[in-house]
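> Here is my input, please return the structure:
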Amino acid sequence: MTGILIGYARCSTDKQDLTAQRDRLAELGVEVDRIYLDEGLTGTNRDRPGLDQALAATRAGDTFVVPKLDRLARSVPDARAIGDDLVARGAKLSLGGSIYDPTDPMGKMFFNILATFAEFEVDLLRMRTREGMAVAKAKGRLKGKQPKLTARQQAHLVGLHAAGDHNVSELAELFSVSRATVYRVLERHAAMPEF
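Residues are numbered from 1 along each chain as shown. Take a look at the predicted model:
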């Protein structure tokens, strides 16, 4: 009996589209109902429900198909672990149509090189992001999360609380914020030095 094709596709953010990956998997012969997806999950996050389901559906003789290795894993150890798991099950791994053969030294080397490049891309992206944030911060463009209440609203909230007219839940409702926000405002005020 010939095995079946199990497809897997992933995108890192909810704003990205999986259509191109689905189309590529269909071109490679994977049936639509055999394609498992993860949206909004990075390849460095090993806790991916779609991947877990795809691996669970893969049996001996099946072929696990991904459009590109970086959709499967973004680190060398993770890629190796998934590849080794598939080999232990007696399943094959297809990377964009090329079958990974762990018994072939060239195939193994090629797989490891691809995994290394996928990890390198992630590291480069992180480095560029950190550099961009540092530049934006230095130019005053990166200000962080803005407070939910203005300084005047915070002073009013503290005054009402100090007068004992309202409890935390009432203040939260009055200012349309969470109770946690009210507590933070009160804690910040209490920590301020008095003159």
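
> Counting residues, which strand of this protein comes out longest?
Secondary structure of the chain per DSSP state E: the longest strand is strand 5-11.

> What is that strand packed up against?
For strand 5-11, the elements it packs on are helix 19-27, strand 35-39, helix 49-57, strand 63-66, helix 69-72, judged by 3 or more CB pairs under 8 Å, 6 or more residues apart in numbering; DSSP states H and E. C-beta: built from backbone N, CA, C; applies to glycine.

> change it to 6 Å
Of the remaining helices and strands, those touching strand 5-11 by 3 or more CB pairs under 6 Å, 6 or more residues apart in numbering; DSSP states H and E are strand 35-39, helix 49-57, strand 63-66.

> so of these, which one's packed in deepest?
Greatest average neighbour count among the helices and strands packed on strand 5-11 goes to strand 63-66 (a mean of 25), per mean count of other CB atoms under 10 Å.

> Provide the backbone phi and psi angles at residue 185.
Dihedral pair for residue 185: phi -60, psi -40, per degrees, to the nearest 10.

> For it, give me its contacts.
Listed by CB atoms under 6 Å, 6 or more residues apart in numbering, the contact partners of residue 185 are 154, 157.

> still on that earlier bit, and the helices and strands packed on strand 5-11 as a markdown table, adding mean pLDDT and distance to residue 178?
Output for the helices and strands packed on strand 5-11, formatted as a markdown table (pLDDT from 0 to 100; distance: least, CB to CB, whole Å):
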| stretch | mean pLDDT | distance to residue 178 |
| --- | --- | --- |
| strand 35-39 | 91 | 28 |
| helix 49-57 | 92 | 29 |
| strand 63-66 | 94 | 41 |
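
> Just tell me which of those ends up closest to residue 189.
With CB to CB as the criterion, residue 189 lies closest to strand 35-39 of the helices and strands packed on strand 5-11, at 41.9 Å.

> Okay, now the sheet partners of the closest one, with direction.
Strands adjacent to strand 35-39 in the sheet, as given by DSSP bridges, are strand 5-11 (parallel).
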